[in-house]
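[1] Fold the following, please.
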Amino acid sequence: MAAAKASTMPLISKLYCSSSQVVLVVRRRPHVVNGGGFVVTDCSQKVVFRVDGCGVLGIKGELVLKDGNGDALLLIRRKGGMVEALSVHKRWKGYTFGYEGSQKLVFTLKEPRSSCLVKNNAIRIATEPNGSSREWDFEIKGHFPDRNCSIIDSIGNIVAQIGVKKEVDELMASKDLYHVVVKPGIDQAFVFGVISVLDYIYGESTRC
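    Below is the predicted model of the structure:
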């Protein structure tokens, strides 16, 4: 039991950290205006998460991750302003909601701009509090639009894989429907918070 607890990483909530590997399905929300978001279901087709995009929220550069009951878990915003304009990275910040409506920063995702000044074009994520000298804790490997990418930690361990089941069913190759495998102990809400940002970056279901 001690080993299982040590491997659990509840960034949003331990409710979303499973002791075993979990396979979830992402699909675009049907019959919704452009930028409506997507729904995440488990193997029994029960809704686990919903993501509202700018077509629902009416605000560009903002996303909300909700649980299956529709309660907000994460508010994700793209940082703007002059500092953002001068930076070589576009920054996204994910916040949890406190009991009294307060917001707590959970992660920062850096989206590199297309520039010769950027040596490493990797999308990287830092969690709060970091508690180490590292600038980042997770990195995206592969290409999200192809549904063939992974979220890896700073040691190189895969914590989540996107699109790994598509060879089983031709339908899984669709952009509108794909699998995500989340490794044991990893916070699934955090994983789908990251995926919602990737979805927006590449102009898919959450972006207007």
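[2] just the helices in the chain please.
    In the chain, the helices defined using DSSP state H lie at 2-6, 54-57, 82-86, 188-201.
[3] least reliable of the ones you listed going by mean pLDDT?
    When these are ranked by mean pLDDT, helix 2-6 comes last with a mean of 39.
[4] What about L198, how many residues nearby?
    20 (other C-beta atoms under 10 Å). (C-beta placed from N, C-alpha, C; glycine too.)
[5] check contacts around it.
    I123, I140, F144, C149 (C-beta atoms under 8 Å, 6 or more residues apart in numbering).
[6] what's the pLDDT at G58?
    88.
[7] Just want to check the distance between it and T41.
    26 Å (C-beta to C-beta, to the nearest Å).
[8] got the buried residues for stretch 144-155?
    F144, R147, N148, C149, S150, I151, I152, D153 (16 or more other C-beta atoms under 10 Å).
[9] again, but for stretch 192-204
    F192, G193, V194, I195, S196, V197, L198, D199, Y200, I201, E204.
[10] Present the residues you listed as CSV; the columns should include distance to E128.
    Output for the buried residues of stretch 192-204, formatted as CSV (distance: C-beta to C-beta, whole Å):
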residue, distance to E128
F192, 18
G193, 13
V194, 14
I195, 19
S196, 18
V197, 16
L198, 20
D199, 22
Y200, 21
I201, 21
E204, 26
